[in-house]
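Engineer: All I have is the shape, not the residue letters:
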C-alpha cells in the first residue's frame, strides 16, 4: 500500500547546464503499474534512481506514502529494485541471493525460509535454489532478480529495463508474467523501458519523457488515441504515425492536391505561432487505400512488409515541400507491389492536429 | 604464417626458456648437487652424503632462523592483506554512494599515488632510510620526536623488538602494491552489485564482509602466496638493517641470511646449499598448501 509522488524533482549532474531530470511532477497511485518510457538519455532511468536513492535530488522532493524520502538513504526507503543486468551476487546461491536482504534485517530463519520458498514457487525457481547465478540462463537470472525483490515485500518495486537482456520471445513471455505478478502481489511498481510496446502492454499508466521533461502521462489507450504533442504522437505506436507539417489555409491542411479539412477552431488554433503551417498526423491504420481519385494522396510504394495478418506499405509522395515518406497498413488481399502507385485517404475522424510552432495538440 | 613461425618461437619462447634454464633451473640443480658436498666455495670438493642435512638438523641457529621466518610468515601476510584491503575499500567504496556513484573517501586519488610510493623505492634504499628512522639514539627519527626526558628506544638493537621492526618495514613496503591489486579487483565488481546491496540494506561494514571480501577471494589468495614467499626471504632488509647481519644475538636471523653467511662469510658453500634446498621445499610446500586450503572457499565469480 503505497503512493509515490515526484514533486518538482530535478537532477542536475555536476558540470552540466541542462538538468537530466527537469522539475518532474508525477503522482503514482497505490497498486499502480506506472511505466516510464522515452528514448535513451531522456532521464527515465535517472528518475527511477532518484526514487531509489541511488541518485541525488538537486531540487524538489520525492515522497513515498506522503513521507518525504528525498534525503533518505536507499535502505531506509523500503523499496526493491530489479536492475537491467540483474546485479545478482555472484558468490551466493539463488537462495542466498533472495535471502540476503531479510538476513540483514535479522528476520527469523524460519520466516526467511518460508518467504524464499514462496517466491521461488511463484517464479518456478525451486529446483535452482542451490545454484550460483553463473549456472543459470538469462531468463532464470531475471526471475531470481524478481524473486529478490519480491521476498522483501517492499512498498514499491522499481524495475530498470529488466527485460532488455532477454531474447525477443522470452521478453514477450516475461512481459506478461511481470504484469500478472504485479497484479497478484498488488505492489506499486515503477517500470522503466525504452520499448514503447512494453510500455503500452504493461502499464496502467505510461509517462513519456524527453530530454528530462515529462511530456505526457496517461493510460496507454489515451496516449495512443490523443497524444498531447508531436513527440508523444511519433513515439507511441509502431510503425510510427505519419506526421507532416504542411501549409494551412482557411479550411484545412494542404497535402499537395489533397486538402484535409479542419474545423474552424482547429484552423484558428493552428494559426497562432504556426507561421501559416499546421502539423497533421494519422496512424498507419487510420488511412484507407482507395481507387484513383482527386481527393486522395498518390503514393509510390517503396517497400511492403507482409506481417501475415496484414501488411505495412511504405511509400513516398511528392508534395510541394519535397518528397515525404508515408506508411499505411492494408489488408493482405489489397497488398500493392513495389513501384506501384496507390491512393490513400486519411480518415478524417482519426486525425491528430498539432500546432506547427509549439507541437502541442489542437 | 609458415615462414614467420620459427623466428617467432625462437624470439619469444626459446630465448627466455634458455635463460630460465641456465640461470634458474641450472642454479637449482647445482644447489641440489652442492648440498651433498663439503665445498667451501673455492677449489675442489668431495661428496659427503647427507652430512650437511644432519648438521643442519642439529644447528641451533638454523632453528632460530626458521622460527623467525615462521613468525614473519604468520604475521606479515595477514597484517599486510588486512591493511591493504582496508585502504583499498576506503579508496574505492568507503565514501558511500551519494550521487549514484560509489566512491572513495575524500582525496582518494592522492592517497592512491602516495600508497604506491614505497613500491618505487629500491629495497636497499628502504632499508637505509629505516635504519635512520630506527636510530637507537637521539639522531634516530623516532627517538628525535620523543620527549628528551624519555630513555631512547633501542629498536634494532633490542633483542626483543628487532624482528618486529623488520616486520613493520616489510609491511610498510608491501602494502602499496596490494592496495593497487585489490583496488583493481574491486573495480571489476559491478557498480550495480553495490547498488543492489545498498538497497538490500547493507551497511558499509556488511558491504565489505558480505560482498567485497568474498568477491575478492581470488586476489587475496594470490596476495597470500606472494607475501608468504616474501616472508621466507626478507634478506635485503635483514642484511642491511640489522646489527651484525641477523643480530643482535641472532634475534633477527632468517634462513636467507644464513645461506649468505655460510656461503660467503664462513666458506661453507655446501652447507649453504643444503639450507637453500630446505628453503626451496619449505616455500614450495607453503604455496601448495595455501592453494589447497583456500581452494574450497574460493568463489567461481
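Structural biologist: Arrived safely, thanks for sending. Worth saying up front: this structure is predicted, and the values here are computed from it rather than measured. Numbering: from 1, shown residues only, chains lettered A, B, ... in the order given.
Engineer: okay, CA-based contacts and neighbour counts for the rest of this
Structural biologist: Noted.
Engineer: what residues does chain A put near chain B?
Structural biologist: Residues of chain A found near chain B (Cα under 8 Å from any Cα of the partner chain) are A:49, A:52-56, A:74-76, A:79-81, A:83, A:85, A:87-91, A:100-101, A:104-105, A:134.
Engineer: any low-confidence regions in the stretch 1-150 of chain A?
Structural biologist: A:1 (pLDDT under 70).
Engineer: where along it do the helices fall?
Structural biologist: Ranges of helices within the stretch 1-150 of chain A are A:44-52, A:94-104, A:109-122, A:138-150, based on DSSP state H, counting those that start in this stretch.
Engineer: Same list (these) but as TSV, adding mean neighbour count and distance to residue B:231.
Structural biologist: Compiled in TSV, those are given as follows (neighbours: other Cα atoms under 10 Å in any protein chain shown; distance: least, Cα to Cα, whole Å):
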stretch	mean neighbour count	distance to residue B:231
helix A:44-52	25	47
helix A:94-104	22	38
helix A:109-122	17	43
helix A:138-150	24	44
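Engineer: For residue B:200, which non-adjacent residue is spatially closest?
Structural biologist: Nearest residue to residue B:200 in three dimensions, chain neighbours excluded: residue A:101, at 4.6 Å (Cα to Cα, 6 or more residues apart in numbering or on different chains).
Engineer: Filter the residues of chain A next to chain B down to just the ones in strands.
Structural biologist: Residues of the residues of chain A next to chain B located in strands (DSSP state E): A:79, A:80, A:81.
Engineer: Columns neighbour count on top of those, output as JSON lines?
Structural biologist: Formatted as JSON lines, those follow (neighbours: other Cα atoms under 10 Å in any protein chain shown):
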{"residue": "A:79", "neighbour count": "23"}
{"residue": "A:80", "neighbour count": "28"}
{"residue": "A:81", "neighbour count": "29"}
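Engineer: Quick check: of those, which lies closest to residue A:41?
Structural biologist: residue A:81 (20.0 Å; Cα to Cα).
Engineer: coming back round to it: residues in contact with the residue nearest to residue B:200?
Structural biologist: A:152, B:200, B:201, B:202 (Cα atoms under 8 Å, 6 or more residues apart in numbering or on different chains).
Engineer: In space, what's closest to the third one - neighbours in sequence excluded?
Structural biologist: Same thing as residue B:201. Using Cα to Cα, 6+ apart, the nearest residue to residue B:201 is residue A:75, at 4.5 Å.
Engineer: thought the one you found was touching residue B:195?
Structural biologist: No. The criterion here is Cα atoms under 8 Å, and residue A:75 misses it with residue B:195 at 10.1 Å.
Engineer: So if I had to pick from these two, which one is more boxed in?
Structural biologist: The residue with more neighbours, out of residue A:75 and residue B:195, is residue B:195; 23 against 19, by other Cα atoms under 10 Å in any protein chain shown.
Engineer: the inter-axis angle of whichever helix in chain A runs longest versus helix A:109-122?
Structural biologist: With secondary structure taken from DSSP state H, chain A has its longest helix at helix A:168-185. Helix A:168-185 runs at 130 degrees relative to helix A:109-122, counting by axes from the mean of the first three to the mean of the last three Cα atoms, to 10 degrees.
Engineer: and helix A:168-185, what other elements does it pack with?
Structural biologist: Where contact means 3 or more Cα pairs under 8 Å, 6 or more residues apart in numbering or on different chains; DSSP states H and E, helix A:168-185 is packed against helix A:196-202.
Engineer: got the buried residues for the helix it packs on?
Structural biologist: By 16 or more other Cα atoms under 10 Å in any protein chain shown, the buried positions in helix A:196-202 come out as A:196, A:198, A:199, A:200, A:201, A:202.
Engineer: What of stretch B:157-172?
Structural biologist: B:157, B:158, B:159, B:162, B:163, B:164, B:165, B:166, B:167, B:170, B:171, B:172.
Engineer: Now do the contacts for residue 199.
Structural biologist: Using chain A here. So residue A:199 contacts A:35, A:36, A:37, A:193, A:206, A:220 (Cα under 8 Å, 6+ apart).
Engineer: Chain B was what I was after
Structural biologist: With Cα under 8 Å, 6+ apart, residue B:199 has these contacts: A:52, A:74, A:75, A:79, A:80, A:81.
Engineer: how about a cut-off of 7 Å?
Structural biologist: A:74, A:75, A:80 (Cα atoms under 7 Å, 6 or more residues apart in numbering or on different chains).
Engineer: dump the residue contacts of the second one.
Structural biologist: Spelled out, it's residue A:75. B:198, B:199, B:200, B:201.
Engineer: Can you tell me which of those is closest to residue B:233?
Structural biologist: residue B:198 (42.6 Å).
Engineer: does the closest one really touch residue A:76, like I thought?
Structural biologist: No. The criterion here is Cα atoms under 7 Å, and residue B:198 misses it with residue A:76 at 9.8 Å.
Engineer: More neighbours: which of these two?
Structural biologist: Neighbour tally, residue B:198 and residue A:76, criterion other Cα under 10 Å: the higher count belongs to residue B:198, 24 against 15.
Engineer: residues contacting the more buried one?
Structural biologist: A:74, A:75.
Engineer: Looks to me like it is in a helix.
Structural biologist: Yes. Secondary structure of residue B:198 (DSSP: H, G, I helix; E, B strand; the rest coil): part of a helix.
Engineer: Could you measure from it over to residue A:7?
Structural biologist: 24 Å (Cα to Cα, to the nearest Å).
Engineer: Same question for residue A:288.
Structural biologist: From residue A:288 across to residue A:7, the span is 45 Å (Cα to Cα).
Engineer: and the longest helix for chain B?
Structural biologist: Longest helix in chain B, counting by DSSP H: helix B:60-92.
Engineer: which ones are touching whichever residue of the stretch 201-301 of chain B sits closest to chain A?
Structural biologist: Proximity of the stretch 201-301 of chain B to chain A (Cα to the nearest Cα) peaks at residue B:201, 4.5 Å away. Contact analysis of residue B:201 by Cα under 7 Å, 6+ apart lists A:75, A:101, A:104.
Engineer: Surely residue A:246 forms part of a strand?
Structural biologist: Yes. Under three-state DSSP, residue A:246 sits within a strand.
Engineer: doesn't residue A:274 make contact with it?
Structural biologist: No. Contact criterion Cα under 7 Å: residue A:246 and residue A:274 do not qualify, at 10.4 Å.
Engineer: Tell me how many other residues crowd residue A:331.
Structural biologist: 14.
Engineer: and it, what pLDDT?
Structural biologist: Note for residue A:331: predicted pLDDT of 86.
Engineer: So for stretch B:119-130, what gets flagged as buried?
Structural biologist: So for stretch B:119-130, counting by 16+ other Cα under 10 Å, buried means B:119, B:123, B:126, B:127, B:130.
Engineer: how far out from the middle of the chain is stretch A:165-182?
Structural biologist: Centre-to-centre, stretch A:165-182 and its host chain are 15 Å apart (Cα atoms, centre = their mean, to the nearest Å).
Engineer: again, but for stretch B:167-187
Structural biologist: The answer for stretch B:167-187 is 11 Å, by Cα atoms, centre = their mean.
Engineer: after the worst-scoring helix or strand of chain B on mean pLDDT, next one along is what?
Structural biologist: Taking mean pLDDT, DSSP states H and E as the measure, helix B:2-9 is the helix or strand of chain B with the lowest mean score, a mean of 70. Following helix B:2-9 in sequence order, the next helix or strand is helix B:15-20 (DSSP states H and E).
Engineer: Enumerate the positions of the following helix or strand past that following helix that are buried.
Structural biologist: Counting by DSSP H and E, the next helix or strand C-terminal to helix B:15-20 is helix B:26-34. By neighbour count on 16+ other Cα under 10 Å, the buried set for helix B:26-34 is B:28, B:31, B:32, B:34.
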